[in-house]
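Asker: output the structure for:
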Amino acid sequence: MNSHLSPAPSSFPRSASNMIWIAGGTFRMGSDRHYPEEAPVHRVKVDGFWIDRTPVTNAAFRDFVRATGHVTLAEKIPDAGDYPGALPNMLKAGSVVFRPSKGPSILKTGNQWWKFRSGADWRHPYGPGSSLAGLDAHPVVHVAYADAVAYATWAGKDLPTEAEWEFAARGGLDGADFAWGDEFLPGGRHMANTWQGIFPYKNTMDDGYERTSPVGKYPPNGYGLHDMIGNVWEWTTDWYASRHTADAVKACCIPQNPRGATKEESFDPHQPQAPIPRKVLKGGSHLCAPNYCQRYRPAARHAHAVDTSTSHIGFRCVLRRTEGSR
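Answerer: Prediction:
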């Protein structure tokens, strides 16, 4: 990897506790061997930054809520004005929860295993009646994009760009399929919390977990970061485009700290009646399976509407060098 690495700042920002310094460098972003939205592979340069060692946990998010009184999007009744034509019984506080199907399913129709549940939120991850008992060290879920930004702002940090996130996830292995190399199960060892068995109805739990797992349960990557792959998808600040943008792949130059698409480009072309902007998610989750979502890789990317939270999306924060020196 042509890394052109920079040393860690001599002054350690107080807000960088439990973070890892990632020296800037140049790497090959994306993949030409997997899903079309990951293409084309192109060289990108990023500056150095701090990044959370793990996803933000339920315990950490609870501290934030206690300090600020923040109410997540899933806990609020949607404004009818934001959703013209929505039936009144659809305008409820809640979030989207995974539920296994009863048998083999047509994998193109996700509504067979996703259900909007009124009363599901970060405190009630599986819906009404569930709790965070025993889940303090698990990643917080049911956080919409604005909730993640609110936490990051309170912590004096930010969310990573897609390029920063992917550079960190690769752990110095430029071009490798996975964050730990080119073999999914090296020596038969599970390196991340993913789905074993046939998705979406049979999870054999060979890795020990049916849903999320405590952060740090799997080996860190080459930069010392845990759970960059699997467990939960993670929000980035970049607007989504169906492929890496043209400006990022010009032959004349290597883009530095690219920021992806525009807000307008992120709208889902298949839902023109609902122009909700979408951000890029990275890393895959505990629901990624070999027979369905093989997105347990650094190059993988997924579009997600900013107004929607689910039981398999979380986040981690970054602190850029300029921010830490203020």
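Asker: for N221, helix, strand, or coil?
Answerer: Counting by DSSP: H, G, I helix; E, B strand; the rest coil, the backbone at N221 sits in coil.
Asker: give the contact list for it.
Answerer: Neighbouring residues of N221 by Cβ atoms under 8 Å, 6 or more residues apart in numbering: A169, R170, G171, L173, A179, W180, M228. (C-beta placed from N, C-alpha, C; glycine too.)
Asker: avg pLDDT for stretch 61-73?
Answerer: Averaged across stretch 61-73, pLDDT comes to 98.
Asker: buried ones in it?
Answerer: Neighbour-count burial for stretch 61-73, counted by 16 or more other Cβ atoms under 10 Å, picks out F61, F64, V65, T72, L73.
Asker: one more: stretch 278-292?
Answerer: Across stretch 278-292, burial judged by 16+ other Cβ under 10 Å covers 278-289, 292.
Asker: the nearest residue in space to T212 that is not next to it in sequence and C288: what is the separation?
Answerer: For T212, ignoring the flanking residues on the chain, the nearest one in space by Cβ to Cβ, 6 or more residues apart in numbering is H138 at 4.6 Å. Between H138 and C288 the computed distance is 17 Å (Cβ to Cβ, to the nearest Å).
Asker: how about the strands in the stretch 1-150 of the chain?
Answerer: Assigned by DSSP state E, counting those that start in this stretch, the stretch 1-150 of the chain shows strands spanning 19-22, 25-29, 42-46, 49-52, 94-98, 114-118.
Asker: partner strands of the second one and their direction?
Answerer: Put plainly, it is strand 25-29. Note on strand 25-29: by DSSP bridges, its sheet partners are strand 42-46 (antiparallel).
Asker: quick one: contacts of the partner strand?
Answerer: When contacts are defined by Cβ under 8 Å, 6+ apart, strand 42-46 is touched by residues 4, 24-30, 161, 163-164, 167, 244, 248-249, 254-258.
Asker: give me the subset of these lying in helices.
Answerer: In helices, judged by DSSP state H, the following of the contacts of strand 42-46 are found: A163, E164, F167.
Asker: buried ones only from those residues, please, as a ChimeraX command.
Answerer: Selection of buried members from the ones in helices among the contacts of strand 42-46 for ChimeraX, criterion 16+ other Cβ under 10 Å:
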select :163,164,167
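Asker: considering the ones in helices among the contacts of strand 42-46, which is situated nearest to T57?
Answerer: Nearest to T57, judged by Cβ to Cβ, of the ones in helices among the contacts of strand 42-46 is E164 at 20.8 Å.
Asker: just to revisit the earlier point, show me which of the contacts of strand 42-46 are buried.
Answerer: Buried among those (16+ other Cβ under 10 Å): 24-30, 161, 163-164, 167, 244, 248-249, 255, 258.
Asker: tell me the most buried of the strands of the stretch 1-150 of the chain?
Answerer: Across these, averaging neighbours per residue (mean count of other Cβ atoms under 10 Å) puts strand 49-52 on top, at a mean of 26.
Asker: mind exporting the C-alpha coordinates of that strand to PDB?
Answerer: Provided in PDB are the C-alpha atoms of strand 49-52 (Å, rounded to 0.1, in the frame of the first residue of the first chain):
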ATOM      1  CA  PHE A  49      -7.900  10.600  11.800                       C
ATOM      2  CA  TRP A  50      -8.900   9.000  15.100                       C
ATOM      3  CA  ILE A  51     -11.700   6.400  15.000                       C
ATOM      4  CA  ASP A  52     -13.600   4.600  17.700                       C
END
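Asker: that one pairs with which strands?
Answerer: Partners of strand 49-52 in the sheet, by DSSP bridges, are strand 19-22 (antiparallel), strand 318-320 (antiparallel).
Asker: wait, which of these is closest to A150?
Answerer: Nearest to A150, of all these, is strand 318-320, at 15.6 Å by Cβ to Cβ.
Asker: average model confidence for the closest one?
Answerer: 96.
Asker: low pLDDT regions in the chain?
Answerer: Scanning the chain with the threshold set as pLDDT under 70 gives 1-8, 10-12, 14, 246-252, 322-326.
Asker: backbone phi and psi for W154, please?
Answerer: Backbone torsions for W154, taken as degrees, to the nearest 10, come to phi -60, psi -40.
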